[in-house]
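Novice: A predicted structure for the sequence below; I have some questions about it.
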Amino acid sequence: MTSQELLANLLKLNNDAAKRTLDGITSEEAGTSPHPDCNSAHFVLGHIATYRLEMAKHLTIDVSYDLGKTFAWGAKDENRAAYPPLAKLHEVLDDVGAKLAQRLATITDEELATEGPYEVAPMPKTIAGVLAFLVFHESYHVGQLGYLRRFSGQDRAFG
């Protein structure tokens with residue numbers, strides 16, 4: 001399996017896990033958090049979608065979605081009434097995920113080795129390093145969705 005295939009598979013796994021984790025969660029449940037310092041599941045899903053859009057940007061994929069800075073790093077989980085519906089965020093994950101998979105199927109090792117816009121140690125400052133970090137970042141937040149599911153009183157999504 002190539003690195004490109006591995007990244008595409010991890011993105012699909014994350015996408016499926018996010019859906020399964022939020023299955024049966026109402027918008028109201030997704031919009032609440034267990035503690036004032038914790039983000040809601042709605043915010044976390046928007047954050048995941050925001051950084052999936054960043055992955056698309058780094059791979060020069062044209063997408064029609066723009067979530068602005070609502071869910072960006074450092075943003076506050078506030079003004080929840082203005083968030084796009086959960087279904088819209090899942091649409092972003094599905095559509096952008098498919099486009100990422102298509103692009104990863106054609107990207108060369110040389111393109112992945114080009115200099116990236118930033119470095120997150122221990123990853124190299126390459127497009128591959130940026131993508132690897134962002135997929136890890138996405139996985140981290142999918143895990144948070146699992147805890148938020150349990151806090152809303154739902155059974156585990158897995159196991």
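Specialist: That came through, no problem. Residues are numbered from 1 along each chain as shown.
Novice: List the buried residues of the strand or helix carrying Gly46.
Specialist: Using DSSP states H and E, Gly46 falls within helix 41-58. Buried positions in helix 41-58, judged by neighbour count with 16 or more other C-beta atoms under 10 Å: 41-56. No exception for glycine: its C-beta is placed from N, CA and C like everyone else's.
Novice: And Ala81, what's its pLDDT?
Specialist: Listed pLDDT for Ala81 reads 89.
Novice: cool, and the one 4 residues further on?
Specialist: According to the prediction, Pro85 has pLDDT 96.
Novice: Contacts only, for Ile107.
Specialist: Ile107 makes contact with Gln4, Leu59, according to C-beta atoms under 8 Å, 6 or more residues apart in numbering.
Novice: and what of Ala105?
Specialist: When contacts are counted by C-beta under 8 Å, 6+ apart, Ala105 touches Gln4, Glu5, Ala8.
Novice: what about the first one, which helix or strand?
Specialist: Put plainly, it is Gln4. Under the criterion of DSSP H and E, Gln4 resides in helix 3-22.
Novice: same for that helix, what does it pack against?
Specialist: Using 3 or more C-beta pairs under 8 Å, 6 or more residues apart in numbering; DSSP states H and E, the elements in contact with helix 3-22 are helix 41-58, helix 86-104, helix 109-112, helix 127-151.
Novice: give me the number of residues near the spatially closest residue to Tyr65 that is not a sequence neighbour?
Specialist: Nearest residue to Tyr65 in three dimensions, chain neighbours excluded: Val92, at 5.1 Å (C-beta to C-beta, 6 or more residues apart in numbering). Val92 has 23 neighbouring residues, counting by other C-beta atoms under 10 Å.
Novice: I'd guessed Val92 sits against Tyr51; true?
Specialist: No. Val92 lies out of contact with Tyr51 (C-beta atoms under 8 Å); the separation is 10.9 Å.
Novice: what's the burial count for the spatially closest residue to Leu11 that is not a sequence neighbour?
Specialist: Nearest residue to Leu11, sequence neighbours excluded (C-beta to C-beta, 6+ apart): Gly97, at 5.3 Å. Using other C-beta under 10 Å, Gly97 has 19 other residues around it.
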